[in-house]
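> just need the structure, nothing else, for what follows:
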Amino acid sequence: MTEAIDRRVSLPGGQFRLLEWAGAEPSAVFLHGLTGTADVWRPSIGALAPGAPHSFAIDQRAHGRTNADRARETARRMARDVADLVASLGLERPHLVGHSMGGRIAIVAAAHYPQLFRSVAIVDIGPDAWKQNWVDSVNGFARMRPSLSAGDIARTIERRQLDADNEAAFRARFAEQPDGSFRPLGSVEAMSRMVRIQRSASYWSDWEAIRPPALLVRGGDSDELRPHVFDQMRRRNPAVEVVEFAGVGHNVPLLAPARLAATLAAFWRNISGP
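Residues are numbered from 1 along each chain as shown. Predicted coordinates for the structure are as follows:
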């Protein structure tokens with residue numbers, strides 16, 4: 001893949017930051033997870049073989065360098081952002097790929113705007129409401145410091161033993177300030193509200209409404225898409241293709257980018273017809 005172009009696109013919800021990789025048609029749209037940015041998709045998109053789709057990844061509302069309305073963080077509103085993006089860019093039925101929170105948005109988008117997408121791939125997220133999940137996330141946001149020093153950033157990278165791709169994705173979540181400190185990009189308050197709103201709701205009806213071509217990928221060691229939810233997803237929409245990556249945790253795009261790229265490429269190759 002070529003190097004990404006960093007640009008902005010104006011949508012009804014605001015100004016969205018967009019990464020764009022030149023490629024073939026049909027195109028593909030990628031959605032990151034909670035606290036992430038479009039940059040988390042660089043390794044996976046970069047691992048796609050020659051002939052890969054013309055690809056787009058956005059900073060979703062309240063995240064990264066997107067400047068969007070932060071008063072409406074429902075999954076339905078964020079799915080509308082994706083539909084608006086497809087229309088604004090003039091994309092003709094792109095593939096849709098979402099990880100974690102982005103996977104939840106992909107579920108809702110595919111259910112409500114099926115005519116817009118050639119396929120949907122959901123990576124390591126379930127449609128279940130889960131109170132403890134959002135409580136833990138909200139508490140984590142409450143403990144976040146408003147800024148970090150360069151030393152804080154370096155120690156976090158060392159403590160987490162981040163490789164080059166994970167380090168780049170981690171650094172992309174912060175903006176350096178004139179005094180040399182680093183502040184989180186996006187709105188921590190809005191992210192906290194977003195996870196509470198979205199994880200308090202059930203999306204099982206949306207999941208059941210999805211029609212193929214559809215792919216569900218689970219990290220075998222994931223603590224986000226729990227095994228019993230994964231099994232229930234298979235039962236409640238058995239037409240969806242399912243893949244499980246043994247030994248991989250929740251952050252599949254950064255933990256197994258080459259394997260995810262190969263899985264997506266094989267899934268897309270098998271899609272034919274209108």
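> buried residues in the longest helix belonging to the chain?
With DSSP state H applied, the helix covering the greatest number of residues in the chain is identified as helix 75-89. Residues of helix 75-89 classed as buried: 75-86, 89 (neighbour count, 16 or more other C-beta atoms under 10 Å). In this view, the C-beta of every residue, glycine as well, is placed from N, C-alpha and C.
> before we move on, what about stretch 185-201?
185-188, 190-196, 198-199.
> neighbouring contacts of it?
Applying C-beta atoms under 8 Å, 6 or more residues apart in numbering, the set of residues contacting stretch 185-201 from outside is 34-35, 37, 59, 61-66, 70, 73-75, 101, 104, 129-131, 133-134, 137-138, 141-142, 144, 172-175.
> all strands of the stretch 51-200 of the chain, in order?
Under the criterion DSSP state E, counting those that start in this stretch, strands of the stretch 51-200 of the chain are mapped to 53-58, 67-68, 95-99, 119-123, 174-176, 182-184.
> any weak-confidence spans in the protein?
By pLDDT under 70, the weakly predicted segments of the chain are 1, 70-72, 272-274.
> which helices and strands does the longest helix of the chain pack with?
Under the contact criterion of 3 or more C-beta pairs under 8 Å, 6 or more residues apart in numbering; DSSP states H and E, the helices and strands touching helix 75-89 comprise strand 5-11, strand 14-21, strand 24-31, strand 53-58, helix 101-112.
> the first one pairs with which strands?
So the one you mean is strand 5-11. Counting by DSSP bridges, the strands paired with strand 5-11 are strand 14-21 (antiparallel).
> mind listing what's buried in the strand it pairs with?
Within strand 14-21, the residues that qualify as buried by neighbour count (16+ other C-beta under 10 Å) are Phe16, Arg17, Leu18, Leu19, Glu20, Trp21.
> isn't the second one up against Asp6?
Right, Arg17. Yes: taking C-beta atoms under 8 Å as the contact criterion, Arg17 and Asp6 are neighbours in contact, 7.3 Å apart.
> where's the residue of the chain positioned farthest from its centre relative to Phe170, distance?
Outermost residue of the chain with respect to the C-alpha centroid, by C-alpha atoms, centre = their mean, is Asp179; its distance is 31.6 Å. Using C-beta to C-beta, to the nearest Å, we find Asp179 at a distance of 21 Å from Phe170.
> swap in Ser27?
When C-beta to C-beta is applied, the distance between Ser27 and Phe170 equals 28 Å.
> in terms of helices and strands, where is the closest residue to Glu241 other than its chain neighbours?
Of all residues beyond its chain neighbours, the one nearest Glu241 is Leu215 (4.8 Å), with distances taken as C-beta to C-beta, 6 or more residues apart in numbering. With the criterion set as DSSP states H and E, the secondary-structure element containing Leu215 is strand 214-219.
> from the contact counts, what lies against that strand?
Applying 3+ C-beta pairs under 8 Å, 6+ apart, we find strand 214-219 packed against strand 119-123, helix 227-236, strand 241-245, helix 252-255, helix 257-269.
> of all those, which one is nearest Leu48?
Closest to Leu48 of those, according to C-beta to C-beta: helix 257-269, at 4.8 Å.
> number of nearby residues for the nearest residue to Gly51 once chain neighbours are set aside?
Sequence neighbours aside, Ala24 is the residue nearest to Gly51 in space, at 5.4 Å (criterion: C-beta to C-beta, 6+ apart). By other C-beta atoms under 10 Å, the residues close to Ala24 number 12.
> coming back round to it: any chance of the strands of the stretch 51-200 of the chain in TSV, plus distance to Ser205 and mean neighbour count?
TSV is the format used below for those (distance: least, C-beta to C-beta, whole Å; neighbours: other C-beta atoms under 10 Å):
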stretch	distance to Ser205	mean neighbour count
strand 53-58	26	25
strand 67-68	26	20
strand 95-99	18	28
strand 119-123	15	27
strand 174-176	38	14
strand 182-184	34	17
